[in-house]
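[1] Would you be able to build a 3D model of this:
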Amino acid sequence: MKLIIIFGPQAVGKMTVGHELEKITDLKLFHNHMTIELVSPFFSYGCAEGRRLVGLFRQEIFEEVSKSNLEGLIFTYVWALDLQSDWEYVDHISNIFESKGGDVYYVELEADTDERLERNKSPHRLMHKPTKRNIERSERDLLNTMEKHRLNTYDGEMNKKNYIKINNTKLSPEDVAKMIKERFQFQ
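    Numbering: from 1, shown residues only. Prediction:
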């Protein structure tokens, strides 16, 4: 069993790369907006009820997948590296899989801000993330989050065994997925 955590700032291409990686492996994609979009007709992800429900759904999916016969799961996450609570969350979900003998892989994506602002408007993103369709609000959130939190690691900060950092500003999602597959020798 494998858990692949693709992390980085908003609109860096986590979900799109995850879709491409899913196509060339036996891994299943569970992008973070799958639960956010499920809950959003009832509660905003920004409110306590929304965060609680999203957390519950994710927890149950992680638990069931970690016990299953699936090859593995690709999870996408905006990791605020300046928040201890985000480090603890990543450790928590990693432990769900590791405690059952699974392996965890960490894929960090980074891209220039101008490129991310363009990707924020891509049809693929908007098709899968209805809450991002208000482009003005989504851009404002992207820029505000970037100012408020550190969303990419410092050189040498990540000491995980199975880790790769990729600047995908000028790379296609297909090429990034192939790089990940080759680096970790996924089937």
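[2] contacts for stretch 110-124?
    Counting contacts by CB atoms under 8 Å, 6 or more residues apart in numbering, the residues outside stretch 110-124 that touch it are 8-13, 16, 19, 125, 132, 135, 138-139, 142-143, 146, 152, 165-169. C-beta here means a position set from N, CA and C on the backbone, and glycine is covered the same way.
[3] What are the buried residues along the helix or strand containing E64?
    Assigned by DSSP states H and E, E64 belongs to helix 48-66. Under the neighbour-count criterion of 16 or more other CB atoms under 10 Å, helix 48-66 has 50, 53-54, 58, 61-62, 65-66 buried.
[4] Verify the stated contact: D26 with N69.
    No. Contact between D26 and N69 fails when scored by CB atoms under 8 Å: they sit 10.8 Å apart.
[5] Between those two, which has more neighbouring residues?
    Shown here are D26 and N69; by other CB atoms under 10 Å, D26 has more neighbours (11 against 6).
[6] show me the contacts for the residue nearest to that one when sequence neighbours are not counted.
    Setting aside the residues directly before and after it, D26 is nearest to E71 in space (CB to CB, 6 or more residues apart in numbering), at 3.8 Å. Residues near E71 by CB under 8 Å, 6+ apart: 1-2, 25-28, 187.
[7] mind redoing it with 7 Å?
    Remark: with contacts taken as CB atoms under 7 Å, 6 or more residues apart in numbering, E71 is in contact with 2, 26-27.
[8] With distance to I180 added, can I get those in TSV?
    As requested, the contacts of E71 are arranged in TSV below (distance: CB to CB, whole Å):
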residue	distance to I180
K2	12
D26	14
L27	10
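[9] hmm, who's touching stretch 86-101?
    Against stretch 86-101 from outside (CB under 7 Å, 6+ apart): 1, 3, 5, 62-63, 66-67, 79-80, 104.
[10] if you set the cut-off to 8 Å instead, what comes out?
    Residues outside stretch 86-101 that contact it (CB under 8 Å, 6+ apart): 1-3, 5, 7, 58, 62-63, 66-67, 75, 77, 79-81, 103-104.
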